[in-house]
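Visitor: everything below, folded, please.
(4 chains)
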2 protein chains.
Amino acid sequence: MSHDSLNLAYLLRREGYRMTMQRQLVLDAVCEAGGHAAPEQIYEIVRRSSEAVNRTTVYRTLRLLQELKVIDAIYSNGGHLRYEISGPQPHHHLMCRRCGADVEFSHELFVPFLERINEAHGFIVDATHLTLHGKCEACFRRN
Amino acid sequence: MSHDSLNLAYLLRREGYRMTMQRQLVLDAVCEAGGHAAPEQIYEIVRRSSEAVNRTTVYRTLRLLQELKVIDAIYSNGGHLRYEISGPQPHHHLMCRRCGADVEFSHELFVPFLERINEAHGFIVDATHLTLHGKCEACFRRN
DNA sequence: CTACATGCAAAGAGTTTGCATCCGC
DNA sequence: GCGGATGCAAACTCTTTGCATGTAG
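Guide: Residues are numbered from 1 along each chain as shown, chains lettered A, B, ... in the order given. Predicted structure coming up:
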């Protein structure tokens, strides 16, 4: 999802926050990174646009954008923090351990499984951003 | 799974490692912790048995036991590292965000979903230790 | 007695916090 | 001008590494 359509200033103001250049740059960077971006990567992209942004501000802004539900926090393989723009609906990721390919799959594909879990264990799973690891088709054939 | 049945000394020797008191204590602690134990918790349990174990050794031993496939590393919600005794077969966890209850579910419940993923995206998921978060039945009713 | 294991201290990532200054509104 | 936002440095958590000493086999 691109963020061109979303009015960051409006979302911020609605919650009593202020619009700043830094906040726009961080959001732009998360979008540009194109999913699964670590804070450090986001920081680097921001720095390309402006030297005048501090690493601390990037961290603070990422947390704020997450709170505003503009971006999602994901804990990738190895437990590392990543961010990406929130999609209009929940979706999930398949990540290839070999080539790093990142395939999205829809929540619909996941729903029947969640229903079975609920039947079997009475548990309501609220995963909105699952990342599963494995091998993509090409890499699977290759070895 | 209890570890009473597994001969740590044998597994170590087979790979050229030595049996030590520390290694046994760490394994005992992971088992005693009963799943999803953070390194620090494991360290504390070990310390109850013996003052003579260093935190560094706990970390080193956890990595070693993982390499020997005696324990599994799990990245829990929030990206924190946890360990637990390896089960005889893959299984997964449901963790309640509210009360912290940890329910295991079998891999069989998961298989049909993995097959649908494979059909739809040609992806072979190798998740052997998934943790899903949500609400358990009791907590879901409560609010 | 030799090589691997340990303890200690120190370094290292990654992230957060305190506080003075800055600036959006 | 006021109160939130930023930059800077420092702290903090979690984990790993270097090296001298200890100990299993």
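Visitor: confidence score at the residue most central in space within chain A?
Guide: For chain A, the residue nearest the mean C-alpha position is A:Glu84 (2.3 Å; C-alpha atoms, centre = their mean). Among the per-residue scores, A:Glu84 holds a pLDDT of 92.
Visitor: give me phi/psi at it?
Guide: phi -150, psi 160 (degrees, to the nearest 10).
Visitor: skipping its backbone neighbours, what lies nearest it in space?
Guide: With C-beta to C-beta, 6 or more residues apart in numbering or on different chains as the criterion, A:Glu84 has its nearest non-adjacent residue at 4.3 Å, and that residue is A:Gly35. For every residue, glycine as well, the C-beta is placed using N, CA and C.
Visitor: got it, and A:Ser76?
Guide: A:Arg82 (4.9 Å).
Visitor: what's the helix or strand containing that neighbour in contact with?
Guide: Here A:Arg82, judged by DSSP states H and E, is contained in strand A:81-85. Taking contacts as C-beta atoms under 8 Å, 6 or more residues apart in numbering or on different chains, the residues outside strand A:81-85 that touch it are A:1-3, A:30-31, A:33-39, A:42, A:62, A:65-66, A:70-76, B:79.
Visitor: can you flag the buried ones in the residues you listed?
Guide: Buried members of these, counted by 16 or more other C-beta atoms under 10 Å in any protein chain shown: A:3, A:30-31, A:33, A:35-37, A:39, A:42, A:62, A:65, A:70-72, A:74-76.
Visitor: which of those fall in strands?
Guide: If you go by DSSP state E, those have A:Ile71, A:Asp72, A:Ile74, A:Tyr75 in strands.
Visitor: three-state assignment of A:Phe113?
Guide: Per DSSP: H, G, I helix; E, B strand; the rest coil, the local secondary structure of A:Phe113 is helix.
Visitor: surely it and B:Leu114 touch.
Guide: No: using C-beta atoms under 8 Å, A:Phe113 is not in contact with B:Leu114; the gap is 9.0 Å.
Visitor: still on that earlier bit, the strand holding A:Arg82 vs DNA strand D: in contact?
Guide: No: Strand A:81-85 is not in contact with DNA strand D by C-beta under 7 Å from any atom of the strand; minimum separation 12.5 Å.
Visitor: tell me what angle that strand forms with strand A:71-75.
Guide: 150 degrees (axes from the mean of the first three to the mean of the last three C-alpha atoms, to 10 degrees).
Visitor: related to what we said a few turns ago, report the beta-bridge partners for the residue nearest to A:Ser76.
Guide: A:Ile74 (DSSP bridges).
Visitor: give me the three-state assignment for A:Cys99.
Guide: Per three-state DSSP, A:Cys99 ends up coil.
Visitor: tally of neighbours for it?
Guide: 12 (other C-beta atoms under 10 Å in any protein chain shown).
Visitor: got the contact list for it?
Guide: A:Cys136, A:Ala138, A:Cys139.
Visitor: out of those residues, which is nearest to B:Leu132?
Guide: Closest approach to B:Leu132 among the contacts of A:Cys99 (C-beta to C-beta): A:Cys136, at 22.7 Å.
Visitor: quick one: the residue lying closest to the closest one once chain neighbours are set aside and DNA strand D, what's the gap?
Guide: Among residues not flanking A:Cys136 along the chain, A:Cys96 sits closest, at 4.0 Å (C-beta to C-beta, 6+ apart). Separation of A:Cys96 from DNA strand D (C-beta to the nearest atom of the strand, to the nearest Å): 23 Å.
Visitor: show me what contacts A:Cys96?
Guide: A:Cys96 neighbours (C-beta under 8 Å, 6+ apart): A:Asp102, A:Val103, A:His133, A:Gly134, A:Lys135, A:Cys136, A:Cys139, B:Phe123.
Visitor: that older thread, neighbours around the residue nearest to A:Ser76, how many?
Guide: A:Arg82, neighbours per other C-beta under 10 Å, totals 23.
Visitor: do the same with the one 10 residues further on
Guide: As a burial measure, the neighbour count of A:His92 was computed by other C-beta under 10 Å and equals 18.
Visitor: phi first, then psi, for the residue nearest to it when sequence neighbours are not counted.
Guide: Spatial nearest neighbour of A:His92, chain neighbours left out: A:Leu130 (4.2 Å); criterion: C-beta to C-beta, 6+ apart. When read as degrees, to the nearest 10, the backbone of A:Leu130 gives phi -90, psi 140.
Visitor: mind listing what A:Leu130 touches?
Guide: A:His92, A:His93, A:Phe110, B:Leu132.
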